[in-house]
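Participant: requesting a structural model of the entry that follows:
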Amino acid sequence: MASIQAVRGTRDILPEEIGYWQQVETIARDILARAAFKEIRTPIFEQTDLFERGIGEATDVVGKEMYTFLDKGDRSNTLRPEGTAGVVRSYIEQKLHAQGGVQRLWYMGPMFRYERPQAGRQRQFHQLGLEMLGSADVRADVESIALAVDILKAVGLDELVLEMNSLGTKADRVQYRETLVNYLRPYQADLDPDSQDRLTRNPLRILDSKAAKTQEILQDAPLLGNSLSDESQTRFEKVKGLLSDLGITYKLNPKLVRGLDYYSHTAFEFQSVQFGAVGGGGRYDGLVSELGGPETAAIGWAIGLERLIGLLQQLQPKPESQADFYLVSRGEQAEAQALKMAQQLRQAGFKAELDLSGSAFGKQFKRADRSGAAACLILGDAEAENQQVQLKWLGTGEQSEMAQTDLLGQLDELRSAIAAVRA
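Facilitator: Model (predicted):
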């Protein structure tokens with residue numbers, strides 16, 4: 001019988017990798033909490049109509065990539081392909097707008113898109129996202145970008161390039177769409193198949209094409225910036241000025257349009273050499289009203305955690321997750337005392353791994369050496385009888401015997417000693 005394997009496009013995150021994930025999650029939680037953002041958790045699947053209306057039926061995400069299914073009541077549901085639409089649905093349904101002021105929300109969790117799996121891109125992937133609803137102020141744009149920069153720098157990725165563009169208002173984009181289509185129509189037969197299809201459905205996405213011939217045609221294409229109203233241009237200049245005031249460098253990319261219909265005005269991406277876009281976002285002032293809520297200005301971003309962590313694995317050693325103490329014991333009384341001691345050490349804030357094998361001391365000592373623990377605590381029949389314990393520092397081999405009560409009475413000294421070993 002064939003063995004059961006993970007579904008194509010999904011992967012296991014194993015213990016040796018999880019330290020990177022926990023490091024990113026801890027840093028993000030801390031930075032966002034200090035900026036008064038609150039976590040929100042929305043369902044993994046929603047009504048399909050939410051994404052069709054929110055993301056746009058002409059997008060690749062809705063047209064090609066969604067995992068959609070009928071439930072037992074013949075209702076169409078979809079595994080969420082991104083996080084913003086679900087947050088906006090919750091904002092409307094739970095009447096968060098009635099609380100007044102700006103809603104500062106963030107989320108983290110799995111998303112699903114039927115794409116060709118490759119490095120940093122899976123069919124089940126994870127995003128860290130931020131949404132700020134209720135402010136049209138340009139400072140909201142800059143604050144959200146600054147928080148993403150803070151997180152990326154704090155985890156150790158300060159070489160990413162921030163690319164910026166303005167998509168203007170809906171009226172600006174309608175005007176530009178007509179100009180772009182008029183330019184591209186004579187070249188229609190030379191465009192790649194996806195771009196030919198997008199010419200009538202979603203022509204701005206042609207700017208994202210990776211096809212060499214299409215990019216050659218686009219070299220002389222009109223730019224969206226030339227279709228922006230004076231108001232939109234002035235707004236974008238303010239955003240750029242405030243970013244510069246914060247010391248945040250950026251690169252203008254006039255062809256950056258993002259992949260979802262709901263974006264307007266500020267759009268941005270964080271680019272890496274290895275994986276392309278690691279994250280990005282923009283303003284989406286019309287999405288809340290499009291989904292049945294009140295007129296609400298909003299901006300947000302999402303960072304792809306698989307891509308982010310893929311970069312971290314190349315740049316940083318694996319985060320330490322070893323135990324402080326590895327407890328070795330043999331004999332019924334000693335094993336019971338070791339279990340109790342492990343619990344006492346954990347309750348005092350130490351990481352303690354208890355060997356449960358019951359094997360000979362020699363085999364347990366080998367596992368202790370491989371564990372990466374700072375010290376080994378040893379209990380045999382003699383130690384159990386006398387309420388003693390052997391403390392062995394695994395780095396130096398230095399070993400001493402003491403009363404179990406003395407060990408638990410010098411926790412501060414042990415904490416300092418372990419910190420010195422890890423330094």
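Participant: now the strands: where do they sit in the stretch 151-300 of the chain?
Facilitator: For the stretch 151-300 of the chain, applying DSSP state E, counting those that start in this stretch gives strands covering 161-166, 251-252, 264-272, 276-283, 298-304.
Participant: burial of the residue nearest to residue 350 when sequence neighbours are not counted, as a residue count?
Facilitator: Excluding its sequence neighbours, the residue lying closest to residue 350 (Cβ to Cβ, 6 or more residues apart in numbering) is residue 324, at 4.5 Å. No exception for glycine: its C-beta is placed from N, CA and C like everyone else's. Residue 324: 21 surrounding residues under other Cβ atoms under 10 Å.
Participant: next: the one 3 residues further on.
Facilitator: Residue crowding around residue 327 was assessed by other Cβ under 10 Å; the count is 27.
Participant: just residue 286 next, same as before
Facilitator: 18.
Participant: got the phi and psi for it?
Facilitator: phi -100, psi 0 (degrees, to the nearest 10).
Participant: so it sits right up against residue 170, yeah?
Facilitator: Yes - using Cβ atoms under 8 Å, residue 286 is in contact with residue 170, at 6.6 Å.
Participant: common neighbours of these two, please.
Facilitator: Common contact partners of residue 286 and residue 170 (Cβ atoms under 8 Å, 6 or more residues apart in numbering): residue 264.
Participant: where along the stretch 1-150 of the chain do the strands fall?
Facilitator: 38-39, 45-47, 67-70, 76-79, 103-112, 124-133.
Participant: just name the most buried of those.
Facilitator: The highest mean neighbour count among the strands of the stretch 1-150 of the chain, using mean count of other Cβ atoms under 10 Å, belongs to strand 124-133: a mean of 23.
Participant: paired strands for that strand, with orientation please.
Facilitator: Sheet pairing of strand 124-133 (DSSP bridges) gives strand 103-112 (antiparallel), strand 298-304 (antiparallel).
Participant: tell me where the stretch 301-423 of the chain has helices.
Facilitator: 305-315, 332-347, 361-371, 381-386, 404-409, 411-422 (DSSP state H, counting those that start in this stretch).
Participant: can you tell me which of these is most buried?
Facilitator: Compared across the helices of the stretch 301-423 of the chain, helix 305-315 shows the largest average neighbour count, a mean of 19 (mean count of other Cβ under 10 Å).
Participant: mind saving the C-alpha coords of that one as CSV?
Facilitator: Provided in CSV are the C-alpha atoms of helix 305-315 (Å, rounded to 0.1, in the frame of the first residue of the first chain):
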residue,chain,number,x,y,z
LEU,A,305,6.2,34.2,6.0
GLU,A,306,7.5,31.4,3.9
ARG,A,307,9.6,33.8,1.8
LEU,A,308,10.6,35.8,4.8
ILE,A,309,11.8,32.8,6.7
GLY,A,310,13.5,31.4,3.6
LEU,A,311,15.6,34.5,3.6
LEU,A,312,16.3,34.3,7.3
GLN,A,313,17.5,30.7,7.0
GLN,A,314,20.1,31.9,4.4
LEU,A,315,21.3,34.8,6.6
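Participant: dump the strands of the stretch 1-150 of the chain into JSON lines; add distance to residue 344 and mean pLDDT as well.
Facilitator: Formatted as JSON lines, these follow (distance: least, Cβ to Cβ, whole Å; pLDDT from 0 to 100):
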{"stretch": "strand 38-39", "distance to residue 344": "33", "mean pLDDT": "98"}
{"stretch": "strand 45-47", "distance to residue 344": "44", "mean pLDDT": "97"}
{"stretch": "strand 67-70", "distance to residue 344": "48", "mean pLDDT": "96"}
{"stretch": "strand 76-79", "distance to residue 344": "45", "mean pLDDT": "97"}
{"stretch": "strand 103-112", "distance to residue 344": "34", "mean pLDDT": "97"}
{"stretch": "strand 124-133", "distance to residue 344": "36", "mean pLDDT": "97"}
